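Trainee: Sequence plus the predicted model coming up.
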Amino acid sequence: PDTLGKMLGDNMYQQLRQTKGMENDGLILPEKIAETYFHLAHQHRSTWTHEIDIRSYSDTAWWNNNGKSLADES
């Protein structure tokens, strides 16, 4: 497994993948984080920001949270 898998151990890592994994859209892929930060670092000067909020698809943002996540709606 990746670094997280090495830190958690095989059993905990597999449990995390099953409960939050790709089928539930609960894990953030490291390569997608890298792509997002690359875009942030190379944004056009006419439209720029210093803020970014990275979260998984199933994690509802705090300003749009009625007490349940997108995963709860399926």
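Mentor: Here it is on my side, so go on. Numbers count the residues shown, from 1 in each chain.

Trainee: what's next to stretch 28-44, contact-wise?
Mentor: The contact list for stretch 28-44 (C-beta atoms under 8 Å, 6 or more residues apart in numbering) reads 2, 49, 52, 54-56. Yep, even glycine has a C-beta here, placed from its N, CA and C like the rest.

Trainee: neighbours of residue 26, just the number please.
Mentor: 19 (other C-beta atoms under 10 Å).

Trainee: ok, it to residue 45 distance?
Mentor: The gap separating residue 26 from residue 45 is 35 Å, by C-beta to C-beta, to the nearest Å.

Trainee: Same question for residue 52.
Mentor: 17 Å.

Trainee: Between those two, point out the one with more neighbours.
Mentor: Using other C-beta under 10 Å, the more surrounded residue of residue 52 and residue 45 is residue 52, with 10 against 5.

Trainee: confidence score at the more buried one?
Mentor: On the pLDDT scale, residue 52 is placed at 84.

Trainee: Start at 834, not 1
Mentor: Okay, residue one is now 834; in that scheme the one you just asked about reads as residue 885.

Trainee: need the contact list for it.
Mentor: If you count contacts by C-beta under 8 Å, 6+ apart, then residue 885 has 869-870, 873 around it.

Trainee: how about 7 Å then?
Mentor: 869, 873 (C-beta atoms under 7 Å, 6 or more residues apart in numbering).

Trainee: where's it relative to residue 853, distance?
Mentor: Distance from residue 885 to residue 853, by C-beta to C-beta: 21 Å.

Trainee: and if you look at residue 866?
Mentor: Residue 866 is 16 Å from residue 853, by C-beta to C-beta.

Trainee: out of the two, which sits in the more crowded spot?
Mentor: residue 853 (17 against 12).
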